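Asks: pasting the structure only:
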């Protein structure tokens, strides 16, 4: 339980209840005897820097993970949005080419433009693929937890694993 919850929510109700029951308590004595947990430092997720992104993209051995990280960095897609992409979501005939995404939060459709570099790599990556873009051997979409595990393993291997670095940073990762 959070310290603030204990101090600002439960303690006042306890005082009122004890007062109602006619119990007299020396609150200074209670304050000295009771250990209220200290506040934990706030962890704020941050997106990888451009240098860290380059290191991540070039440092991964997995084509699937490389394409996933690169696509999220260039388009600003959230992890869940990227993992749910299918081959038919891409339209390379438009200028600029786009990917049609169903937003994770509102379930609305939106079109996200693609850069030339990612378009060329996506065309190579998509050759011979059908169904989900980032699929498992069974053809199912890659699981979010598996992405986070792979991302953490990659950051550890590259020596850029920091507690504030998030693979699921979503929109704040966008670099295009």
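Replies: Nice, I can see it. Nothing here was measured: the structure is a model prediction, and the numbers come from that model. Numbers count the residues shown, from 1 in each chain.

Asks: Show me the strands in this protein, by range?
Replies: 90-91, 98-102, 109-113 (DSSP state E).

Asks: so which of the ones you listed is the most packed in?
Replies: Mean neighbour count (mean count of other Cβ atoms under 10 Å) peaks for strand 98-102 among the strands of the chain, with a mean of 18. Heads up, the C-betas are built off the backbone N, CA and C, glycines and all.

Asks: tilt between that one and strand 109-113?
Replies: If you take axes from the mean of the first three to the mean of the last three Cα atoms, to 10 degrees, strand 98-102 sits at 150 degrees to strand 109-113.

Asks: And the top helix by length along the chain, what's buried?
Replies: For the chain, the longest helix by residue count, based on DSSP state H, is helix 144-158. The neighbour-count check on helix 144-158 (16 or more other Cβ atoms under 10 Å) flags 147, 150, 151, 154, 155 as buried.

Asks: what about residue 81, distance to residue 133?
Replies: 11 Å (Cβ to Cβ, to the nearest Å).

Asks: quick one, which of those two is more surrounded?
Replies: residue 133 (25 against 22; other Cβ atoms under 10 Å).

Asks: ok, and the closest non-adjacent residue to that one?
Replies: The shortest distance from residue 133 to any residue other than its chain neighbours is 4.4 Å, reached at residue 85 (Cβ to Cβ, 6 or more residues apart in numbering).

Asks: Now do the contacts for that neighbour.
Replies: By Cβ atoms under 8 Å, 6 or more residues apart in numbering, the contact set of residue 85 is 77, 99, 101, 132, 133, 134.

Asks: Can I get those in CSV including pLDDT?
Replies: Below are those laid out as CSV (pLDDT from 0 to 100):
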residue, pLDDT
77, 90
99, 92
101, 91
132, 92
133, 91
134, 91
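
Asks: Export those as CSV, with columns for distance to residue 160.
Replies: Shown next, in CSV, are those (distance: Cβ to Cβ, whole Å):
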residue, distance to residue 160
77, 21
99, 27
101, 28
132, 28
133, 25
134, 22
